[in-house]
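Asks: The sequence and its predicted three-dimensional model are supplied below.
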Number of protein chains: 4
Amino acid sequence: MTPNKDLKTYSLRETPYFKIYGRTDRTQDPLPLFFNGSGIEVNVTGSELWIDIDVDYEMHEPWVYTTLNGSFMSRQMLTTGSYSLCLFRSMSPEAVKNICLFRELQAMSEDNVCRLLIKGFRSDGDFLPVTDRPFKLEFIGDSITSGEGTYGAKEDTDWLPMYMSTSRNYARMVSDALNAEYRIISQGGWGVLCGWDNDPRHNIPSHYEKICSFAKGKMNEKLGAGKPYDFESWKPDAVIVNLGTNDASAFNQPEWTDPVTGQVFFQRREADGTYNQEDLGRFKQAVRNFLHMLRKNNPGSHILWCYGMLGYDLTFAITDAMNSYQKETGDSNLAFLQLPNTTDETVGSHAHPGKKSHARAAKVIIEYLQSVLYRPL
Amino acid sequence: MTPNKDLKTYSLRETPYFKIYGRTDRTQDPLPLFFNGSGIEVNVTGSELWIDIDVDYEMHEPWVYTTLNGSFMSRQMLTTGSYSLCLFRSMSPEAVKNICLFRELQAMSEDNVCRLLIKGFRSDGDFLPVTDRPFKLEFIGDSITSGEGTYGAKEDTDWLPMYMSTSRNYARMVSDALNAEYRIISQGGWGVLCGWDNDPRHNIPSHYEKICSFAKGKMNEKLGAGKPYDFESWKPDAVIVNLGTNDASAFNQPEWTDPVTGQVFFQRREADGTYNQEDLGRFKQAVRNFLHMLRKNNPGSHILWCYGMLGYDLTFAITDAMNSYQKETGDSNLAFLQLPNTTDETVGSHAHPGKKSHARAAKVIIEYLQSVLYRPL
Amino acid sequence: MTPNKDLKTYSLRETPYFKIYGRTDRTQDPLPLFFNGSGIEVNVTGSELWIDIDVDYEMHEPWVYTTLNGSFMSRQMLTTGSYSLCLFRSMSPEAVKNICLFRELQAMSEDNVCRLLIKGFRSDGDFLPVTDRPFKLEFIGDSITSGEGTYGAKEDTDWLPMYMSTSRNYARMVSDALNAEYRIISQGGWGVLCGWDNDPRHNIPSHYEKICSFAKGKMNEKLGAGKPYDFESWKPDAVIVNLGTNDASAFNQPEWTDPVTGQVFFQRREADGTYNQEDLGRFKQAVRNFLHMLRKNNPGSHILWCYGMLGYDLTFAITDAMNSYQKETGDSNLAFLQLPNTTDETVGSHAHPGKKSHARAAKVIIEYLQSVLYRPL
Amino acid sequence: MTPNKDLKTYSLRETPYFKIYGRTDRTQDPLPLFFNGSGIEVNVTGSELWIDIDVDYEMHEPWVYTTLNGSFMSRQMLTTGSYSLCLFRSMSPEAVKNICLFRELQAMSEDNVCRLLIKGFRSDGDFLPVTDRPFKLEFIGDSITSGEGTYGAKEDTDWLPMYMSTSRNYARMVSDALNAEYRIISQGGWGVLCGWDNDPRHNIPSHYEKICSFAKGKMNEKLGAGKPYDFESWKPDAVIVNLGTNDASAFNQPEWTDPVTGQVFFQRREADGTYNQEDLGRFKQAVRNFLHMLRKNNPGSHILWCYGMLGYDLTFAITDAMNSYQKETGDSNLAFLQLPNTTDETVGSHAHPGKKSHARAAKVIIEYLQSVLYRPL
């Protein structure tokens, strides 16, 4: 190969125009992409474009996917190191190309070394402004929103980065259909009150007000993961919560014992199989509290609680909590929306919703949000 | 035409085997078909089969559709008179044919003369037993469940019998998919508390315990329409309620004044557009009361409240009422299920759900009921 | 029922505006509808419309379907007699309604008494002009084009009128999609050279130049069925031939002996299973001759030979004949188009293409004809 | 990252079990993958698998995609160098994983340096035998079969490797559906007689009997590209030809002048727009010759000539040539099959068939081949 001598290297700070997706600490350079759906978009002329990245992990490697002019182009594993990815080559130099690179892997609470940093670009073209999209959406969820199961064969049962995605994720489908910029805050196995295994530390609300405190350890601290998130900086038109699935799961699991304190946490069922009302009450309280937190931080956003892609078990509990919250606050700018359950025909790997299930759920959310976002003021 | 001399006439009483669909007074002969989805099924040999019917109406004529071996064959308007319809001709005589005739028109509260009576059959074959289906489903609803909009062009805006159906109705689709026998109790424009126009007489619960008291007048009285319905005679595995759409509508309509008493009924909105809490409370109370009534009459049935094919406005009110009912009773054999809203792509005539919307809703209900009906005891 | 006293009766001759579909003898009053797809269209105001018809048959009864404002409304068997069908009732009188009634049953060569005559209308509204459609299409075929199998269950194996249709027929779907007026000339079991059973009388070309000489006997003679067809009166933009399926069948059947002359006809296979070249040559000659006949009578029409909905066996023979015809004539205004074969998933009753197969074939023809009909001159 | 110390390196020769897809020179180590659809399959245990490759190009870089247990996992550009790709990490070691890597880029006639070599694997698991698939299919084509247009936005008009694929290619879809091993021989812009621009060197038949003489230059010579292909080594059940589209194009292009000899090649149209018969005859002769070549080399294979994904213009010419070939040879083990044309709805980038068009074509071929491959002997 004859190298392209016209390539010019830009650190991110030097790059004239770009757009960052996802919560991050924008004072960082290189810039960390913490969440799935986090990414970067540029408009650029020239024949060739490379992105300079820095990647590490102990166990769980990041994956990314790219789009060219809005169309899916590549998806690949990122192994460890500091290197460049070619985003296109040999293209007609004068045309403006729209390029996005998105992280596929969720924020990683179980690998303190896992990182994906954007260092900059190399190109023989010019960078041009990136158009803002008319809407902003925030998605908060668990493994469903982490896209777990959207890749991989139905038989695959490992818990693996490569089965997670943004590229086949309902959050991305909804945002593309509405031409919205989106941010995802999600963690597989976590709930509103506790995780799938009754672990009460695995609740999303306790991390919601930090940039990405799912990512722990010294490195992530330096990358700004634990800093408070600036809700003023990005005001979503709608906050879409898709939680409750793991809280339902907890009722089917044995008690969880804190490895440090020995304290036990347990969402119990009665002898007749029904939920223990006290424990269910704890869950409802957690939903109510989370709604207050969401509203405090997003005073103007429509709050949409979605539920059902892996079962409808907590429908009554969630709506009861939402009704209580409404009565307490008079807040009417929120809604509850069931999503079609995942079936044999739509399931993906690891018994999680596959791309067909995501597409079906996305359609329901898109239709709903169109009625909210497009309505005259 | 050379008449078939081998045809033998059977009154319904003389017909050896047949199966009646829909609530009716089985002591009647001829037998009235009151509701859409009401009908008759026979298994018969022979080359030819006719059904003898009696039809009348002042304004709103009944329509019927027929199936042969489970497949849609005909759909037609029934004009007034006592006459015969040929259900098949010239068929191989030895084969057993399964034939159904179903009423397409809803029970008619606005035409006291409207009737469709089955008098009997004429055939050159033998009648054979009709197999019972493994499940029984009861559907309770409004114009959606009356199938309004499932026929007719998108531009058609009259309120007409011919736009209503069972043949393209989600209730029929669900029942066919689950191989269930079904009964429909529905009335276009009606609600749980009041009708779309605030008319409080137009509530379904006040008619639920009669065979078909929607059908009024002397003729219908003689036909048994006003008799108490015998809930012991037919125990549904699931009762599917699809109500609330007209109750939501009432909040957008002017007050209704009783033409006789002058009393006024009105579901009010506040100045800021939100629902008046007192009026909303009335609706919730009506839902709660109806749940009690449903449970009293159907102690073993799963109760599924569906909602959303024409908007999600009362989701919180319905779920709040269902939560209250659950807390009062401890009854956990019920669920709330949102159905996909009707879109430009799925709408039918008269701004009602078209057949695509019914098919999409049916899919969600089918998938849900499979998880309930097929689960091990 | 209170009769509508405002209904006025119109013989067809008195009806101010209407449009006839299908080949017929327009000097007749009442007017015969010979073919499936034959029918009548009116635009009318008023609250109510009836059509007066006259029906008879010995064995094979006609079926019809109706549309209201372009949307399927009814489908029913017509039993013998002279009577009226109500096409709509109780509609908003001022609106103009577009109403069509189409014959579902093919021209009937096996029942000399079979007839469907339009006598006139009864209405309380005014008749308005019917808009001409921008294109004209002629479809020539066998049982596929007669719509056999488009109704009925997969298990149904009788040869029956009720399984035939225009309403679920590819010819109708194509015409609707292109907004074309269409005429069908078809006969189940017939071919270009001979019928499915080697009967050489059952070839479509020998009837093509008569109005409808498939319909035989004195009655049909009086109705004009045997008169020469006036090709000047209606010039199709495209002639779509869908023949060859029964000619292929003949190679799999035993020889046919003429009951009168004792002459034998037989399309033979060789010992190795291939077609006898001489007999295949006869078929090719018949295709060539038919192309000459089509061109002579339709000098300006695009000729499209479609094939494949029930197997591709004669693809080479048909294209060889078409190539020969082209070389003889230099005629380049014709094309050959394969249609997707019928599969287990798309099959209908009597092992014939079902509505899904018709829809899939229609899509291919629509896309092709768009490229021909919409191209600039 | 802590490196996996259990990884063991295998040259291809040392790898106990693997399966090669696509024509190549199997004496080579490293092994070249010349064609799109060329690739390698392994079954392996262990937690981690890497593939060692060697890549170069002057202009047109190769892309690959991988599957894990039959499911699409990654797709990426390969930049120049000798390096390793991680195919999976952190998986349950005991499970057997099925892994495939396939080249997306067509054989590259316009870049003599372009190469993709498989050097071997690195794994901590064991290699297990790869099951043979029950059928073998060979696909011969042009840019359609190179998958051009299956990636990229509708607006993209560059001629670029990244728009080509096997992963969204009808050849792959057909093979997967039939559980067949497949080989592709294709070159964008080429035809049976000449290329889209009248260049007579760009005909596929002249390269058919070499392994991959599309790939030129010294390096490719060393890699065995120009060696005769051993037809005995791999006997396809069916040879699917999808050619003619560029031959049709040539009739719309100006004449081509040989840059060396100055000789001119031109497929002419007459003044009235029809094809010049002499030039059309040349094309037919080329088809006939190619059929003889295909049959000579594949005596037992079903030959299926597909056509139509980008227009039906040469249908008569191709079928005429096939008919002539049949008459000359008596060979009846071949067929002609039209594929649905590409529409606005199914088009991809660079005005080529998109993935929807490939899926639709694949369905027709699958259904056809099922009738051929599954039929009893």
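Replies: Good, I have the coordinates.

Asks: Going by C-alpha atoms from here, please, whenever you check contacts or count neighbours.
Replies: Will do.

Asks: Residue ranges in the stretch 1-150 of chain A under the pLDDT threshold?
Replies: Counting by pLDDT under 70, the stretch 1-150 of chain A contains no low-confidence segment.

Asks: What segments of it are strands?
Replies: Along the stretch 1-150 of chain A, counting by DSSP state E, counting those that start in this stretch, strands occupy A:8-11, A:19-21, A:31-32, A:39-44, A:49-56, A:63-68, A:71-77, A:81-88, A:97-103, A:115-123, A:127-128, A:135-141.

Asks: Could you say which of those strands is packed most deeply?
Replies: Mean neighbour count, computed with mean count of other C-alpha atoms under 10 Å in any protein chain shown, is highest for strand A:31-32 among those, reaching a mean of 24.

Asks: Neighbouring strands - and their directions - for that strand?
Replies: Paired with strand A:31-32 in the same sheet, following DSSP bridges, are strand A:115-123 (antiparallel).

Asks: gap between the partner strand and the chain center?
Replies: Relative to the chain's own centre, strand A:115-123 is displaced by 20 Å; criterion: C-alpha atoms, centre = their mean, to the nearest Å.

Asks: what about the residue of the stretch 151-300 of chain A found nearest chain B, how many neighbours?
Replies: For the stretch 151-300 of chain A, the residue closest to chain B is A:Thr274, as judged by C-alpha to the nearest C-alpha, at 7.6 Å. The number of residues packed around A:Thr274, counting by other C-alpha atoms under 10 Å in any protein chain shown, is 13.

Asks: Ok, A:Glu270 next?
Replies: Using other C-alpha under 10 Å, the number of residues around A:Glu270 comes to 9.

Asks: Which pLDDT value belongs to it?
Replies: A:Glu270 carries a pLDDT value of 95.

Asks: For A:Leu101, name its beta-bridge partners.
Replies: A:Ile40, A:Thr66.

Asks: And it, how close does it get to A:Gln28?
Replies: 18 Å (C-alpha to C-alpha, to the nearest Å).

Asks: Distance-wise, check the residue of the stretch 151-300 of chain A closest to chain B relative to chain C.
Replies: 43 Å (C-alpha to the nearest C-alpha, to the nearest Å).

Asks: which SS state does the residue lying closest to that residue once chain neighbours are set aside fall under?
Replies: Nearest-residue entry for A:Thr274: B:Ser332, 7.6 Å, with adjacent residues in sequence omitted and distances by C-alpha to C-alpha, 6 or more residues apart in numbering or on different chains. Classification of B:Ser332 into helix, strand or coil gives coil, according to DSSP: H, G, I helix; E, B strand; the rest coil.

Asks: Can you give me the pLDDT of B:Ser332?
Replies: Per-residue confidence for B:Ser332 comes out at a pLDDT of 94.

Asks: That one reaches B:Tyr325, doesn't it?
Replies: No. Proximity of B:Ser332 to B:Tyr325 does not meet the contact threshold set by C-alpha atoms under 8 Å, at 9.8 Å.

Asks: More neighbours: the two, which one.
Replies: Residue environment comparison for B:Ser332 versus B:Tyr325 gives the larger neighbour count to B:Tyr325, 21 against 14, counting by other C-alpha under 10 Å.

Asks: Touching, that one and B:Met293? I think so.
Replies: No. B:Tyr325 is not in contact with B:Met293 according to C-alpha under 8 Å; the separation is 11.4 Å.

Asks: So for the two, which residues contact both of them?
Replies: Residues touching both B:Tyr325 and B:Met293 (C-alpha atoms under 8 Å, 6 or more residues apart in numbering or on different chains): none.

Asks: A:Lys327 should be in a helix, yeah?
Replies: Yes. Counting by three-state DSSP, A:Lys327 is part of a helix.

Asks: Who are the contact partners of it?
Replies: For A:Lys327, counting by C-alpha under 8 Å, 6+ apart, there are no contacting residues.

Asks: residue boundaries of the helices in chain A?
Replies: Along chain A, counting by DSSP state H, helices occupy A:170-177, A:205-208, A:217-222, A:245-250, A:277-297, A:315-329, A:355-373.

Asks: most tightly surrounded among those helices?
Replies: Relative to the other members of the helices of chain A, helix A:245-250 carries the highest mean neighbour count by mean count of other C-alpha under 10 Å, namely a mean of 25.

Asks: other SSEs contacting it?
Replies: Of the remaining helices and strands, none touches helix A:245-250 by 3 or more C-alpha pairs under 8 Å, 6 or more residues apart in numbering or on different chains; DSSP states H and E.

Asks: which residues make contact with that helix from outside it?
Replies: Under the contact criterion C-alpha under 8 Å, 6+ apart, helix A:245-250 has outside partners A:142, A:189-198, A:266-267, A:283, A:307-308, A:310-311, A:313-314.

Asks: can you rerun that using 10 Å?
Replies: By C-alpha atoms under 10 Å, 6 or more residues apart in numbering or on different chains, the list of residues contacting helix A:245-250 from outside reads A:141-144, A:188-200, A:202-203, A:244, A:252, A:256, A:265-269, A:275, A:280, A:283, A:307-315.

Asks: Give me every residue in chain A lying close to chain B.
Replies: By the rule C-alpha under 10 Å from any C-alpha of the partner chain, the part of chain A lying against chain B is A:274-275, A:277, A:308, A:311-313, A:315-324, A:326-327, A:330-332, A:334-343, A:363-365, A:367-368, A:371.

Asks: Please report phi then psi for the residue nearest to A:Thr274.
Replies: Taking degrees, to the nearest 10, you get phi -110, psi 10 for the backbone angles of B:Ser332.

Asks: Let me see the contact set for it.
Replies: Residues near B:Ser332 by C-alpha under 10 Å, 6+ apart: A:Thr274, A:Tyr275, B:His302, B:Ile303, B:Asn323, B:Tyr325, B:Gln326.

Asks: next one: A:Thr150
Replies: Under the criterion of C-alpha under 10 Å, 6+ apart, the neighbours of A:Thr150 are A:144, A:162-170, A:346-350, A:352-358.

Asks: Same check on A:Gln28?
Replies: Contacts of A:Gln28 (C-alpha under 10 Å, 6+ apart): A:Leu12, A:Arg13, A:Leu117, A:Ile118, A:Lys119, A:Lys222, A:Leu223, A:Gly224.

Asks: I'd like the helices of chain A written out as a markdown table, with distance to B:Glu48 and mean pLDDT added.
Replies: Below are the helices of chain A laid out as a markdown table (distance: least, C-alpha to C-alpha, whole Å; pLDDT from 0 to 100):
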| stretch | distance to B:Glu48 | mean pLDDT |
| --- | --- | --- |
| helix A:170-177 | 54 | 98 |
| helix A:205-208 | 70 | 98 |
| helix A:217-222 | 81 | 96 |
| helix A:245-250 | 57 | 98 |
| helix A:277-297 | 62 | 98 |
| helix A:315-329 | 52 | 98 |
| helix A:355-373 | 46 | 97 |
